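Trainee: Fold the following and give me the result.
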Amino acid sequence: MLRKLMIFLALAMVVGALVTSTISAPEAAAVGGTITAHNNTTSDCEADEWHWVINQFDTGGGHTVPPSITVIWKVGAGPNQTTTVPLEKLSPAGGGAHTVLHYTTTSAVIPSNATIVSATATGVYSTWSGQFNLSHQPCTPAPTSTPTTTKTPTQTPTNTPTRTSTRTPSTTLTQTPTRTSTATNTPSNTPTQTLTNTRVSTNTPTPTNTATPTSTRTPTDTPTQTPTNTLTRTATNTATNTPTATATSTATATRTNTPTSTATVTPTGTTTGQETPPDIGKTPLDVNPGPNSNVPYTVTFTLGSFQSQVQILDIFSSNDISSPHPYGFVTGSAKLQKPGGAAQAISDPTCTSFSGQIDCTYDFTNLAAGTYTLTYTQHIGDMNCFATGHNEVHLYFPPNTAVQAALTTSYQVLC
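Mentor: Residues are numbered from 1 along each chain as shown. Now for the predicted structure:
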């Protein structure tokens, strides 16, 4: 009997151990782990910036947001280098059940010609089911800024000729009536000789030295208009009035017209070199569409100067990676409104599908400086409830591959 009791107790201990291990197993599975970015390169580039995103991250429930990611990279055949890239921001800023985490650094830290070996984040909760992507990388080679050309020469030399030319015709034309009163019988020859000498003396100190720097932005317009307008008006008044009305009216007309014409033309030419930097905006921001619905978008972009080629790139991504994508551009919905004009229908963009995103490109030619409004519609199909993603819009001036301006928004599908 004692032997049977001991056997029973041994069996009970074995069963208890099995039950204990079965209960504790789910707790071990809940411990956070390491995730790896699914892409190490992208066709999207922006100035000198490296940008990674982790989407559909639940910041509640005691989950800790990774404060940084670890990026391993190398240049050419060189050794691997390791860089810690800090968290830049959350979208939306207050967090939530479907938050996008943004991690950003520059080409000063990771060179623009580097090859990304891997990017990892640690401490991510085990039930996370979003995407970890390299959103964009620096443009290679690094772009240089070109909008500010030949602004400096127009400012300094403009003031110098204004003062000189104003004094010169006053002194020269004062002597004209003396010669006219003497040679009464030959009025036609007298104003011809006087005006010829006046033009030579006026042009020698003033437009000859000034025209070179000024014509950098407005070739031949500024130096030609100033002497031509001044001397033509003086010559007409002098030649007509001299034989009849004496030298008094000649001197009065000359002094009145000359400084007025010069002072008006010069400041106008000086202020023509200003240029507004390019900019871009998009509405609505952070929308929450339902499945099988349409979202009308408005993109506003500003050009500081004439551009022969302009490109708008719209990137629409989602963690719903169904194939084909259950979202996309609505055919025939694109319109463009030029400065001061009405919105007009334009050709559909060129759209290309990638894993988890669709890129649509709008190409324009010969656009003048000003603000433009581009409108179009995105269709949200039969997407998963609470699916999230981000929507980026970039401004380019081909063949330059540098991003002139960009904006990123987020969205979440609510059922």
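Trainee: SS state for residue 7?
Mentor: Judged by DSSP: H, G, I helix; E, B strand; the rest coil, the three-state class of residue 7 is helix.
Trainee: ok, now how distant is it from residue 364?
Mentor: Distance of residue 7 to residue 364, computed by C-beta to C-beta, to the nearest Å: 88 Å. Backbone N, C-alpha and C define where each C-beta goes, glycine included.
Trainee: of these two, who's got more company?
Mentor: For residue 7 versus residue 364, the count of surrounding residues by other C-beta atoms under 10 Å is larger for residue 364: 18 against 9.
Trainee: what helix or strand does the residue lying closest to that one once chain neighbours are set aside sit in?
Mentor: Spatial nearest neighbour of residue 364, excluding adjacent residues (C-beta to C-beta, 6 or more residues apart in numbering): residue 310 at 4.4 Å. Applying DSSP states H and E as the criterion places residue 310 in strand 307-317.
Trainee: Can you give me the buried ones in that strand?
Mentor: If you call a residue buried by 16 or more other C-beta atoms under 10 Å, then strand 307-317 has these buried ones: 307, 310, 311, 312, 313, 314, 315, 316, 317.
Trainee: just curious, which of those residues is nearest to residue 388?
Mentor: Nearest to residue 388 among these, counting by C-beta to C-beta, is residue 317 at 9.5 Å.
Trainee: quick one, what contacts the closest one?
Mentor: Residues in contact with residue 317 (C-beta atoms under 8 Å, 6 or more residues apart in numbering) are 133, 356, 357, 358, 389, 390, 391.
Trainee: Kindly report the same for residue 333.
Mentor: Counting by C-beta under 8 Å, 6+ apart, the residues that residue 333 touches are 296, 375, 376, 377.
Trainee: how near is it to residue 358?
Mentor: On the measure of C-beta to C-beta, residue 333 and residue 358 end up 15 Å apart.
Trainee: does the nearest residue to residue 286 once chain neighbours are set aside count as helix, strand or coil?
Mentor: Leaving aside its chain neighbours, residue 286 sits nearest to residue 410 (5.3 Å; criterion: C-beta to C-beta, 6+ apart). For residue 410, the assignment made with three-state DSSP gives strand.
Trainee: domains in this structure, as residue ranges please.
Mentor: Domain assignment for the chain by automatic domain parsing gives 33-136, 152-273, 279-412.
Trainee: what sits up against stretch 322-332?
Mentor: Counting by C-beta under 8 Å, 6+ apart, 294, 316, 318, 320, 345, 348-349, 351, 353, 358, 360, 376-383 sit against stretch 322-332.
Trainee: Any buried residues in it, and which?
Mentor: 325, 326, 327, 328, 329.
Trainee: contacting residues around residue 347?
Mentor: So residue 347 contacts residue 334 (C-beta under 8 Å, 6+ apart).
Trainee: hang on, the earlier thing: next, check the buried residues of stretch 322-332 against the strands and list the overlap.
Mentor: Among those, the members falling in strands are 327, 328, 329 (criterion: DSSP state E).
Trainee: Report the beta-bridge partners for the last one.
Mentor: So that's residue 329. Assessed by DSSP bridges, residue 329 has beta-bridge partners residue 378.
Trainee: what about it, distance to residue 96?
Mentor: The value you get for residue 329 to residue 96, if C-beta to C-beta is used, is 28 Å.
Trainee: Equivalent analysis for the second one, please.
Mentor: Here the distance between residue 328 and residue 96 works out to 26 Å (C-beta to C-beta).
Trainee: before we move on, what about residue 397?
Mentor: 37 Å.
Trainee: between these two, who's got more neighbours?
Mentor: residue 397 (19 against 15).
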